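1. Below is the sequence, then the predicted model.
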Amino acid sequence: MLRKRTTYLIAGAALVAGAGAGAGGYSALADRGGADTTTTVVQRSTATSSPAAVTKALTVNGVYMGARAGVVEITTSSTSGGSNSPFPFGGSSPQSQAQGSGFVYDTAGHIVTNYHVVQGATSISVAFPDGSKYGAKVVGTDPSSDLAVVKVNAPSSKLHPLKLGDSGALQVGDGVVAIGSPFGLEGTVTTGIVSALNRDISATNNFTISGAIQTDAAINHGNSGGPLLNMAGEVVGITTQIESPSGANDGVGFAVPSNTISSVVSKLAKGQKIQHPYLGVLVQSSAERSGAQLARVRGGSPAADAGLKAGDVITSFAGRTIGSPGDLTSAVAAKRPGDNIAVTYVRGGKTKTVHVKLGVRPS
């Protein structure tokens, strides 16, 4: 049986024109890489050593002082209406605003944030710590990793890029610092530890973001897109979601890891399109054996074309042993569209192997 939990994307919400805030729910059923079905609610209208090996770890204040000039507040405006309108019973609002965070990526003016912060935006404003504001344009987005790059035409004196660290070097218990604008309170600093690694969370398009960092650093609505830094002052993640029955911070937050940011943002900043590998299955834990059991196989997908069916338990993917749904998710994510992969599975007590040519994940 699938366990259900509730997560929230953490872009701040503030509706204008006197209307109430709307929310959109997404049931994460597409290629979910674990045993959970996650309901994500989007509030809108509004390579280095691990910290333990760093010879000079900074204080929280030291991390903040070194990074604060590179953290920005992002405000977006969008037009309400159409099938995604948050006013399904006849109300209307011509404009709505959302607020999130971001950080400076380079001296060319590229800013990194979450896709859900700028999703559907008709205008974007970036505010720097000194109070100056500049309009921004979206350069590229990748809904599957919930990442986006916007660009500002700001003078170089305003642009203080933050250094990306190696999220693969993180260990559970390492100290981390989050900087952002929760509830519009710009430059807010919170601190905590890495609570867990390699979590699976859902993007707004219902696909799985694998390898997420779990932290107990307080993050709230408006922190979306802000940096999560290690105690050397390097960005190791971008704060994205919280898990909470109420929607308030309960000490369980998630960040997209910096190694994902590095591979995705370097392409988005150049205007390149991101393509993710696609198998086309929904997976869950098997009650009878280790592996990833197929709960659903999408028609016309690479998995369906190879003859895989619901109920099959995948035990090996490209020579890698699969012991859980998460193992399969990360194994697929490590490949490229077009790769021809040997997949071993168990059906009716018999072990079989097929070859699957991975496709491109649909939008």
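-> Sure thing, it's come through.
2. So His116 belongs to a helix, correct?
-> Yes - counting by DSSP: H, G, I helix; E, B strand; the rest coil, His116 is part of a helix.
3. My guess is it contacts Asp146. True?
-> Yes - with contact defined as Cβ atoms under 8 Å, His116 and Asp146 form a contacting pair (6.0 Å). From N, CA and C alone the C-beta is placed, and that goes for glycine too.
4. the more surrounded of those two?
-> The neighbour count for His116 versus Asp146, taken as other Cβ atoms under 10 Å, is higher for Asp146 (30 against 27).
5. and that one, what does it touch?
-> Asp146 makes contacts with Leu9, Asn114, Tyr115, His116, Ala203, Thr204, Ile209, Thr240, Val256, as judged by Cβ atoms under 8 Å, 6 or more residues apart in numbering.
6. Which single strand of this protein contains the most residues?
-> Determined from DSSP state E, the single longest strand within the chain is strand 188-202.
7. what residue ranges in the stretch 151-300 of the chain score low on pLDDT?
-> Within the stretch 151-300 of the chain, the ranges that satisfy pLDDT under 70 run 246.
8. Show me the helices in it, by range?
-> Here the stretch 151-300 of the chain has its helices, by DSSP state H, counting those that start in this stretch, at 258-268.
9. Likewise for the stretch 1-150 of the chain?
-> 60-67, 115-118.
10. Who are the packing partners of the first one?
-> Here helix 60-67 is seen to pack against strand 175-180, strand 188-202, strand 227-230 when contacts are counted using 3 or more Cβ pairs under 8 Å, 6 or more residues apart in numbering; DSSP states H and E.
11. Ok, which of these comes nearest Pro277?
-> Ranking these by proximity to Pro277 (Cβ to Cβ) places strand 188-202 first, at 15.7 Å.
12. nearest to Gly131, of the contacts of Asp146?
-> Of all these, the one with the least separation from Gly131 (Cβ to Cβ) is Asn114, at 23.2 Å.
13. That closest one reaches Asn223, doesn't it?
-> No - contact criterion Cβ under 8 Å: Asn114 and Asn223 do not qualify, at 9.7 Å.
14. Please say which of these two ends up with more neighbours.
-> Set side by side, Asn114 and Asn223 show more neighbours around Asn223, with 33 against 30, by other Cβ under 10 Å.
15. How about the contacts made by the more buried one?
-> Ile10, Gly100, Ser101, Ala178, Gly180, Ser181, Pro182, Thr188, Thr239.
16. what do you get if the cut-off is 10 Å, keeping everything else the same?
-> 10-12, 100-101, 114, 178-183, 188, 190, 217, 238-242, 249, 253, 255 (Cβ atoms under 10 Å, 6 or more residues apart in numbering).
17. same deal with Ala196?
-> Contacts of Ala196 (Cβ under 10 Å, 6+ apart): Val172, Ala212, Ile213, Gln214, Thr215, Asp216, Val252, Phe254.
18. Just want to check the distance between it and Val356.
-> Note on Ala196: its distance to Val356, by Cβ to Cβ, to the nearest Å, is 30 Å.
19. Equivalent analysis for Ile341, please.
-> 5 Å.
20. Which residues are in contact with each of those two?
-> Common contacts of Ile341 and Val356, defined by Cβ under 10 Å, 6+ apart, comprise Leu279, Pro302, Ala306, Phe317, Ala318, Val332.
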